[in-house]
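Visitor: Sequence and predicted structure below; questions after.
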Amino acid sequence: MTARKYPAVIILLFLVAGIVLADIIKIPCGVYLFTALTAFLTGVALYQYRMKRAAVIVFLVGFLALSGFNFAFRYKAFPPGHVKHFVDNNQKYIIYAEIDDWPVLYEHKTILYARLDSLRHEDHVIPGKGRLIINIAVPTTRIQYGDRLIWEACLFAVKGGANPSGLDYRRYLNLKGVFGACYLPHDLNIRVNPAGKYDYHHVIQNLRQEILEIFQQTLKPPHAAVASGFFLGETRNIPEHIYRYFRDSGTLHLLAVSGSNVWLLVGLIALLLMASNLNPRRKAIILIAFVIIFSSLAQNQPSVVRASVMAILVLIGKALQRRIELNNIIAAAAGLILAAAPAQLFDIGFQLSFVVAWALVFMTPRILAHIKINKEKKYINWLIFPVVISFIAQAASMPLIAYYFGRVTFISFAANLIIVPLNSLIVIGEMVLLLAYTLLPLLGQLIGIPLNALFDLNLYLLELFGSKSTLEPCLLSFSGWMVILFLVVLTLGTLAIDSKRARRHLVFLLIISGCLWAGSRLNRLESDYRLTVFSLARGNMVVCEGEKTNYLFMADLTEQEYILAEKTAVPYLKNKGVRNLSIISLTPDYATLQEAVATAQLFDTVQLYVPEKSQGLIADITRLNNPPADAYSVLYFSDTIDFETIETGTAGIREGLAILRFDSLVVLILSENSDLPFVPGKSPALSGPILMIKPMLVPSDTLFLNETNLSLLVCRDISRIPRKSMGMAPYYQKFLPKIWLTSQKGAADISIYRGRPTLPD
């Protein structure tokens, strides 16, 4: 590969390097900008002196610095007036903002993203910058993209942190430019200045709604919901069991509007335009307009944006009668997206989309070149091609799926091989249906009949591949370096088909990687026990891993539209091969008990411990959830602490409190409102160093912490009163370094070795 043959690829590599550098190293934006300007001026001077190779290198450094400046200025720099300067100060502002993204509507809430215009505090109006997220505790469709809002509220910092096998919610929002949050009980106090009737986003939203209504009028209800997912990425009305079939069969990506839909649309419109006498340039303009509208209808999902930019570049090249080089097209599309939104580099949709697209362009011709073509039986070749395509797509996406989700479904290869072509046929049918219904509604109803039959077949296959009778997903967790290594090995393996040199490099890389892995395993210090405190918006979820038994403690959880543990603790435990588990609900509230029962059904054998007063509530939850017989056993504990032997330590539980002892270390897991029933320094149960885990540190905890040998405190946050008292106390400097705030640092992964707790650096 040379810079002259693939210039866009080389430039893209430097753009990516600049973004990664700006994300890892904290360098002022001005340094990046100065470096970029200096590099470009130097490159021009070198080019004038005919030092072309040196000029190219300096220009590439300039692109790297400019890319770093673009990222750092957008997501690392906070100029005066930025929303980040007004959060968590306990002051109310009158906020002026404009909705700049599509609203997200749930059953019990609405999430809006807005760009701050200005703030008013008392008699002062402050010009604002940055974005904020608005959480409204009721579903509402009154507010739409482009609306201008005025409301009064306090601003809060975005909370969150990384969880093992989970999402770092704060980083996710920060990379979207969101650094402030508002929480509103309803939308009644929000004054709305709606977007104009002919505003682009308003028109798109109305068109989107009309498409959804056409699907509802011509297709069966579940088919209309799935059709909306295939065509627009609208998944809210898809029944839960159908969504589960997509997930378990490894075809969930079909509900994210595949980039292939863009090419199907281009092909269909191009076919219709063949009958016209328009010249190629006018046809290209019409096709580009349809691509832009379709991307907006699909809410500009990463896969659609990638395919749309590529399609536009190809159409422009065809109209100008230029030779199409797909490697440069893909690189140019990625470069344009990263220039407009550099944080897209860290989005899983962007990564999967471009990695798979590049793998198909890079690997497909090399593999097919070594497959013997049977000229007499051409139908065999038509069968071979989709098998190769499916294999390449699965191989390229597997490491990223293992990295983000910790599970790989091998049945998805067969599922995608059969369902993806059927899905493409259905998408074409949906486009024909929309066109026919627009011309004549009765014609649309007639086309809906065979399309319903295709949906029935599609759902049958999904149920077949996604049912429990098929292969269960393989629990496979990759680190970032393993993802890079896998993709490098995949690339070298493809080149090794024709290159002896590539085969040598591949063998050398595998030997070096194996030696490094073996060395890391030998030097790894195995802990006796491990505690993982997950980062949650409220409440506690703590995993205790021992040599024989694993425990999951829950307390003060809030009711969600999904199983909270399935996004946090369950992937973490299943990645470690845990099948048998003891779940302890320390609080008798409905949300925590429901979460405990739902989590218990995800494991083979579970003992569920709940407070004695919750017997009636557990019976109701069990009856409503209808779990399989003998899935778990329920044990009740009273309000008095009774110690039982657990491996080499002791443990006792009561409502709101669990006490674990590992050698000399005492671990206290508490609910938010739990009071410690012990006198510090006088109870044998609290002798030795203490590790305390609690959702929120409250004023009543300060005296206890002051009079105990606290080794580590893990909590979501600290209320203002303890912060103030701790700041005045003489042990301030000694105490604070022992606090781990999950809202700021993410999950606490604590190793316990010979009674000493250790956190990662």
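Guide: In hand now; what should we look at?

Visitor: need the longest strand for this protein.
Guide: The strand that spans the most residues within the chain, counting by DSSP state E, is strand 110-121.

Visitor: Show me the strands in the stretch 201-350 of the chain, by range?
Guide: In order along the chain, the stretch 201-350 of the chain carries no strands (DSSP state E, counting those that start in this stretch).

Visitor: Where does pLDDT dip in it?
Guide: 236, 247-248, 250, 252-258 (pLDDT under 70).

Visitor: quick one: low-confidence parts of the stretch 501-650 of the chain?
Guide: For the stretch 501-650 of the chain, applying pLDDT under 70 flags the ranges 520-528, 547, 561, 624-631, 639-650.

Visitor: hey, where'd the strands end up in it?
Guide: According to DSSP E, counting those that start in this stretch, the strands that the stretch 501-650 of the chain contains are 529-533, 540-545, 550-555, 580-585, 605-611, 632-637, 642-646, 649-654.

Visitor: is it possible to export those to JSON lines including distance to I27?
Guide: To be clear about C-beta, it is placed using only N, CA and C from the backbone, and glycine gets the same treatment. Converted to JSON lines, the strands of the stretch 501-650 of the chain look like this (distance: least, C-beta to C-beta, whole Å):
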{"stretch": "strand 529-533", "distance to I27": "33"}
{"stretch": "strand 540-545", "distance to I27": "37"}
{"stretch": "strand 550-555", "distance to I27": "42"}
{"stretch": "strand 580-585", "distance to I27": "46"}
{"stretch": "strand 605-611", "distance to I27": "50"}
{"stretch": "strand 632-637", "distance to I27": "53"}
{"stretch": "strand 642-646", "distance to I27": "50"}
{"stretch": "strand 649-654", "distance to I27": "48"}
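
Visitor: Measure how buried V507 is and give me the count.
Guide: As a burial measure, the neighbour count of V507 was computed by other C-beta atoms under 10 Å and equals 12.

Visitor: err, N89, not the other one
Guide: When counting by other C-beta under 10 Å, one arrives at 11 neighbours for N89.

Visitor: Offset the numbering so it begins at 693, please.
Guide: Right, with 693 as the first residue, what we last looked at is N781.

Visitor: Then it would be within a strand, right?
Guide: No - when DSSP: H, G, I helix; E, B strand; the rest coil is applied, N781 is found to be coil, with no strand at that position.

Visitor: quick revisit: out of the strands of the stretch 1193-1342 of the chain, which gets nearest to A1439?
Guide: In this view, the strands of the stretch 1193-1342 of the chain are compared for proximity to A1439 by C-beta to C-beta, and strand 1221-1225 is the closest at 6.1 Å.

Visitor: on that earlier part again, which outside residues touch the longest strand of the chain?
Guide: 775, 778, 783-793, 795-796, 817-828, 830-832, 835, 840-841, 868, 870, 872, 879 (C-beta atoms under 8 Å, 6 or more residues apart in numbering).

Visitor: follow-up on the earlier one: I'd like to know which of the strands of the stretch 1193-1342 of the chain is closest to L1309.
Guide: strand 1297-1303 (8.6 Å).

Visitor: who does that closest one pair up with?
Guide: For strand 1297-1303, the pairing partners within the sheet under DSSP bridges are strand 1272-1277 (parallel), strand 1324-1329 (parallel).

Visitor: and the first one with strand 1242-1247, angle?
Guide: Interaxial angle, strand 1272-1277 versus strand 1242-1247 (axes from the mean of the first three to the mean of the last three C-alpha atoms, to 10 degrees): 20 degrees.

Visitor: what number of residues lie near the spatially closest residue to K1268 that is not a sequence neighbour?
Guide: Residue nearest to K1268 in three dimensions, not counting chain neighbours: E1237, with 7.4 Å by C-beta to C-beta, 6 or more residues apart in numbering. Other residues within reach of E1237 by the criterion other C-beta under 10 Å amount to 19.

Visitor: what's the spacing between E1237 and K1437?
Guide: Relative to K1437, E1237 is positioned 20 Å away (C-beta to C-beta, to the nearest Å).

Visitor: Repeat that for G820.
Guide: Computed with C-beta to C-beta, the distance linking G820 and K1437 is 28 Å.

Visitor: And the two? Which one has more around it.
Guide: Between G820 and K1437, counted using other C-beta under 10 Å, the more crowded position is G820 (21 against 14).

Visitor: and the residue lying closest to that one once chain neighbours are set aside, bridged to which residues?
Guide: The shortest distance from G820 to any residue that is not its chain neighbour, by C-beta to C-beta, 6+ apart, is 3.6 Å, and that residue is L808. Here L808 sits in beta bridges with A789, as judged by DSSP bridges.

Visitor: try L841
Guide: A789, V884.

Visitor: Hmm, it is touching N881, no?
Guide: No - taking contacts as C-beta atoms under 8 Å, L841 lies outside contact range of N881: 10.5 Å.

Visitor: Show me which of the two is the more surrounded one.
Guide: For L841 against N881, the residue with the higher neighbour count under other C-beta under 10 Å is L841, and the figures read 19 against 11.
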